[in-house]
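**Q** mind looking at a prediction? Sequence and model below.
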Amino acid sequence: EQIEKGGYEHFMLKEIHEQPKAIQDTYRGRLLRNEAIIKMAGIEDNMKKFLNANRIIVVACGTSWHAGLVAEYIFEDLARIPVEVEYASEFRYRNPVITENDVLIAISQSGETADTLAAIKLAKSKGAFVFGVCNVVGSSIARESHAGAYTHAGPEIGVASTKAFTTQITVLTLIALRLARAKGTISSSDFRQHLLELEMIPGKVEQALKSDDLIKNIANIYKDAKNMLYLGRGFNFPVALEGALKLKEISYIHAEGYPAAEMKHGPIALIDENMPVIVIATKKGHYEKVVSNIQEIKSRKGKIIGIVTEGDVQVRQLADHVIEVPESLEALSPLLTTIPLQLLSYHIAVMLGKNVDQPRNLAKSVTVE
Ligand code: G6P
């Protein structure tokens, strides 16, 4: 097992560090920058289904559901296709309205999650086209889907999902860009820009991983907190949810993710000097509005950990700590802002002596209801 961990103390840490390569493996052969094209067989062969779709319904569970939420922002923004993101467990029992003109995208690392599989079967019985985004090759969901795209993250052993999440976002971004090109909702220069920036992501993830020591220090300060709040907006709202989930899963600290602007409708009541608040406040994406949320937290004595763009000045002046990530296109920023949140939960859990790779009560894949 030590050998499998490749010198890392835990699989989770190894998998966090594998992300630059995993992301690259995911777009390799699909993103052809010189030709300025994206090539994905599962999309090319079914282009009509996607172009004629009334909407895309995404079904997933857990972390994969968060990747679906990121995809909602990306698909709508780039490809102008309406997207609904559903918990598979709710969708399957809700008598949902599904037609032959719907495309269902099922996202699942393992490809074995019972609720997601059941949601696919339901959608198929109503005539919808089902596209699977799985990591495990030949898994049940991959086989049950009409077409699909693998994430190529490699085996993920840690129960708390890390590289599966960022590679899911990568695949979904490729799909959104391909469809945007086909629909003409993105200009050729914007398209090229996205390809270029996507190819820069692995290097930027590498850069973000270098904040490890800083994050360890922050983890040490807040490891005894009873609650934590995670805030983000737009593309980074789902990242806030995912950050909170990671912390819950492995450290057993209660954490909530919230859209930053919703803070005033509830969570603000919780803020005092004992509440650490992690705020994703990257330069693009409602930056000024998030800064004013930070001011509101500060005036209530909440402790602020800002996830900011390199060189940020404004948040640095207000926050107790800042963790920088490299600048990128807003649509790609979740691939970077996720990294410090993974490391923060990892270090807190290790410091608390928790079983990081196999947290209590959780399973890597949930094959029963
Ligand atoms: C379990 C795992 C999570 C995962 C979820 C969905 O709860 O512990 O990490 O996100 O299942 O799994 P899937 O394999 O469908 O992505």
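**A** Looks like it arrived, so ask away. What you are looking at is a predicted structure, and each value in this text was computed from that prediction instead of being measured.
**Q** can you list phi and psi of residue 60 for me?
**A** Comment: the main-chain dihedrals of residue 60 come out as phi -170, psi 180, following degrees, to the nearest 10.
**Q** what's the answer for residue 356, then?
**A** Reported as degrees, to the nearest 10, the phi and psi values for residue 356 are phi -60, psi -40.
**Q** pretty sure it contacts residue 12?
**A** Yes: the pair formed by residue 356 and residue 12 meets the contact definition of Cβ atoms under 8 Å, at 5.2 Å. All C-beta atoms are positioned from the backbone trio N, CA, C, and that covers glycine.
**Q** which residue of those two possesses the greater neighbour count?
**A** The neighbour count for residue 356 versus residue 12, taken as other Cβ atoms under 10 Å, is higher for residue 12 (31 against 24).
**Q** so the more buried one touches residue 161, yeah?
**A** No: using Cβ under 8 Å, residue 12 and residue 161 do not qualify as a contacting pair, with a distance of 9.4 Å.
**Q** who's in contact with the closest residue to residue 304 other than its chain neighbours?
**A** Distances taken as Cβ to Cβ, 6 or more residues apart in numbering place residue 319 nearest to residue 304, at 4.1 Å, with adjacent residues excluded. Residues counted as contacts of residue 319 (Cβ atoms under 8 Å, 6 or more residues apart in numbering) are 279, 294, 304-306, 308.
**Q** quick one: which of those residues is most hemmed in?
**A** Counting neighbours by other Cβ under 10 Å, residue 279 leads those with 28 neighbours.
**Q** for that residue, pull up the helix or strand it's in.
**A** Under the criterion of DSSP states H and E, residue 279 resides in strand 276-281.
**Q** strand partners (parallel or antiparallel) of that strand?
**A** Strands adjacent to strand 276-281 in the sheet, as given by DSSP bridges, are strand 227-232 (parallel), strand 303-309 (parallel).
**Q** return it as PDB; C-alpha atoms alone will do.
**A** Extracted C-alpha coordinates of strand 276-281, given in PDB (Å, rounded to 0.1, in the frame of the first residue of the first chain):
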ATOM      1  CA  PRO A 276     -14.400  30.900  10.200                       C
ATOM      2  CA  VAL A 277     -15.800  31.900   6.700                       C
ATOM      3  CA  ILE A 278     -14.000  30.700   3.600                       C
ATOM      4  CA  VAL A 279     -14.800  33.100   0.800                       C
ATOM      5  CA  ILE A 280     -14.000  32.500  -2.800                       C
ATOM      6  CA  ALA A 281     -13.300  36.000  -4.100                       C
END
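**Q** in that strand, what's buried?
**A** Taking 16 or more other Cβ atoms under 10 Å as the basis for neighbour counts, the residues of strand 276-281 that come out buried are 276-281.
**Q** for stretch 2-20, same thing?
**A** Buried positions in stretch 2-20, judged by neighbour count with 16+ other Cβ under 10 Å: 5, 10-20.
**Q** so what touches it?
**A** Residues from elsewhere that reach stretch 2-20, judged by Cβ under 8 Å, 6+ apart: 153-154, 156-158, 160, 162-163, 166-167, 202-203, 205-206, 209, 250, 339, 342-343, 346, 350, 356-357.
**Q** so what's the residue in the stretch 201-350 of the chain positioned nearest to the ligand closest to, chain neighbours aside?
**A** At 7.1 Å from the ligand, residue 249 is the closest residue in the stretch 201-350 of the chain, using Cβ to the nearest ligand atom. Computed as Cβ to Cβ, 6+ apart, the closest residue to residue 249 that is not its neighbour in sequence is residue 160, at 4.7 Å.
**Q** export the helix or strand where residue 291 lies to CSV, keeping only CA atoms.
**A** In this assignment (DSSP H and E), residue 291 forms part of helix 287-299. Extracted in CSV, the C-alpha atoms of helix 287-299 (Å, rounded to 0.1, in the frame of the first residue of the first chain):
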residue,chain,number,x,y,z
TYR,A,287,-15.7,40.5,-7.2
GLU,A,288,-16.9,43.8,-5.8
LYS,A,289,-20.1,42.2,-4.5
VAL,A,290,-18.1,39.4,-2.8
VAL,A,291,-15.9,42.1,-1.3
SER,A,292,-18.9,43.7,0.3
ASN,A,293,-20.0,40.3,1.7
ILE,A,294,-16.5,40.1,3.2
GLN,A,295,-17.0,43.5,4.8
GLU,A,296,-20.3,42.3,6.3
ILE,A,297,-18.5,39.3,7.8
LYS,A,298,-15.7,41.4,9.1
SER,A,299,-18.0,43.8,10.9
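**Q** for the stretch 1-150 of the chain, what lies in contact range of the ligand?
**A** Taking Cβ under 6 Å from any ligand atom as the criterion, the neighbours of the ligand within the stretch 1-150 of the chain are 61-64, 108-110, 113, 116.
**Q** state the distance from the residue in the stretch 51-200 of the chain positioned nearest to the ligand to residue 359.
**A** Among the residues of the stretch 51-200 of the chain, residue 62 lies nearest to the ligand; the distance is 2.8 Å by Cβ to the nearest ligand atom. Computed with Cβ to Cβ, to the nearest Å, the distance linking residue 62 and residue 359 is 13 Å.
**Q** no more questions from me, cheers.
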